[in-house]
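>>> I would like the atomic coordinates for the input below:
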Amino acid sequence: MQGLFKHASVSLLALTLLLPAAALAQTKTVPESQMQMQLSFAPLVKQTTGAVVNVYAEKTIQRQSPFAGDPFFEQFFGQQMPNRSEKQSSLGSGVIVEANGTVVTNNHVIEGADDIKVALSDGREFPCKVVLRDDRVDLAVLKIDSKADFPTLPIGNSDAVEVGDLVLAIGNPFGVGQTVTSGIVSALARNQVVKNEFGFFIQTDASINPGNSGGALMNMKGELIGINTAIFSRGGGSNGIGFAIPANLVKVFLASADSGVKSFERPYIGASFDPVTSEVADALGLDKARGALIAKVTANSPAAKAGLKVGEIVTAVDGIAVEHPDALLYRLTTAGLGKTVNLTVMENGRAQQVALALVRAPETQPRDQRTIGGRTPFTGAVVENLSPRVADELRMPLDSTGVVISDVAADSPAARLGFEPKDIIVSINGAEVKTSRDLQEIADSDPGLWRVEIERDGQRIRQFFR
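Down below sits the predicted model:
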């Protein structure tokens, strides 16, 4: 992927110096078009920057002792050399969206942190606690530990954003302090940007750098239209290609946080989708390759009850076009749990409207959670039967089936052999593992040789153990 836009960094001071003396005496207004670019962003910046904060996160990490493996020191400590604890700091940005001190930022800014604080543009600093976070959408909601009222940034409608709109990006790049950059919206509905389940981003050429994560992407009305989250860069700095999580997803995430839930729930429909290739589009007589091709429909699911069938293509949700499966997931999620949406579905070249209910992921079978003991490769692992509910809790695709490892005890045989939470146990010695009881029975039989097949992140892995 190559740079699409050449970005020119413009300081507010330089913009001011370009104005004639008479213009400097006039009241400044916010530019609304390229023809007004000689005007200043200063009024809008003064109005909004108080709601953008610097986020400082500190976490404790364990590092292996530098003497591990040294025979001399193993005489005294054995092979279990004590690890060293170290503090690791990270910085990012955040946006105050409620006067009570509710802050939105990226999950990757605060993930694993033991201590979080925010610094306002006026120099005040406050500790924070995490209200809700989710690595799949890369969002987190923080609450400032204070009873004071704080400046806020109103949340706009990201569906109203158009390519070419002027935007400002506000954040704390490289930790140098609050910085404002300007640009335009370069593209919408970008996917495959980062390893993120919700691949649906606003692309901008406003300069975004490390430390901007969690900061505001703002329109000319002073509204939050996105949370800056990623850049495309070969050298670590801005190449004029930045990405922001749309504000409408932020609204849904905030509503979940306000409701007091412990995790962000995705709507369950009981279907999986593939992208529409040019070959599929030609075969079905479509004018372009867009939409979400239905690849699987689970029996008795909302999708099945709505009459969706494998091979059909979903092209719109409530009249809004979807370009790819990531866009469909985004539209269903922002519609909200408990709602019914109208899908535009193509079959044999004809479009039809289908009403689809969005429900919570069900628990379709008993979890039957078990901790494996004895002399097995899985000793120390907690396993359970997969259902849409379990998959949602483990941040896995909702159509995942089989037996999953939900936890692994530290320093257990399972941990030392490399098994991880979210590994799906597919088969052992050629026998399919359908339930946690199946795995327990195989473990009790002590086969001696273990030919294990697991699925991790969609990839099959085969291993042998004795």
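>>> quick check: which element contains the residue positioned nearest the centre of the chain?
Closest to where the C-alpha atoms of the chain average out (C-alpha atoms, centre = their mean) is Val137, at 2.3 Å. Assessed by DSSP states H and E, Val137 sits outside every helix and strand.
>>> I'd like the numbering to begin with 405 instead of 1 from here.
Sounds good: first residue 405 from here, last item Val541.
>>> that one reaches Phe657, doesn't it?
Yes: judged on C-beta atoms under 8 Å, Val541 makes contact with Phe657 at a distance of 6.4 Å. In this view, the C-beta of every residue, glycine as well, is placed from N, C-alpha and C.
>>> buried sites along stretch 652-665?
For stretch 652-665, burial by neighbour count (16 or more other C-beta atoms under 10 Å) applies to Asn652, Leu653, Val654, Lys655, Val656, Phe657, Leu658, Ser660, Ala661.
>>> ok, now stretch 448-456?
Buried residues in stretch 448-456, counted by 16+ other C-beta under 10 Å: Leu448, Val449, Thr452, Thr453, Gly454, Ala455, Val456.
>>> what touches both of Val541 and Phe657?
Common neighbours of Val541 and Phe657, counting by C-beta atoms under 8 Å, 6 or more residues apart in numbering, are Phe668.
>>> quick one, longest strand in this protein?
Taking DSSP state E as the criterion, the chain has its longest strand at strand 488-502.
>>> I'd say Leu570 and Met624 touch.
Yes: with contact defined as C-beta under 8 Å, Leu570 reaches Met624; the gap is 5.4 Å.
>>> quick one, which of the two is more surrounded?
A count of neighbours by other C-beta atoms under 10 Å puts Leu570 above the other of Leu570 and Met624, at 20 against 15.
>>> separation between that one and Thr585?
Distance from Leu570 to Thr585, counting by C-beta to C-beta, to the nearest Å: 12 Å.
>>> which residues of the stretch 455-604 of the chain score low on pLDDT?
Applying pLDDT under 70 to the stretch 455-604 of the chain flags the ranges 466-489, 492, 578-579, 596-602.
>>> so which residues of it form strands?
456-467, 488-502, 506-509, 519-523, 529-538, 543-548, 570-575, 583-594 (DSSP state E, counting those that start in this stretch).
>>> retrieve the pLDDT associated with Thr783.
Here the pLDDT value assigned to Thr783 is 92.
>>> what's the burial count for the residue lying closest to it once chain neighbours are set aside?
Counting by C-beta to C-beta, 6 or more residues apart in numbering, Thr783 lies nearest to Pro817, which is 4.3 Å off, once chain neighbours are set aside. Number of residues near Pro817 (other C-beta under 10 Å) recorded here: 19.
>>> got the phi/psi numbers for Pro817?
phi -50, psi -40 (degrees, to the nearest 10).
>>> you'd agree it is up against Pro781?
Yes: assessed by C-beta under 8 Å, Pro817 is found in contact with Pro781 at 6.4 Å.
>>> show the contacting residues for Gly454.
Neighbouring residues of Gly454 by C-beta under 8 Å, 6+ apart: Leu524, Ser525, Asp526, Pro555.
>>> did I read that right, it in a strand?
No: assigned with DSSP: H, G, I helix; E, B strand; the rest coil, Gly454 falls outside any strand and is helix.
>>> so what pLDDT did it get?
In this model, Gly454 is scored at 93, pLDDT.
>>> what about it, distance to Gly498?
13 Å.
>>> same thing with Val714?
To Gly498, Val714 is 43 Å away according to C-beta to C-beta.
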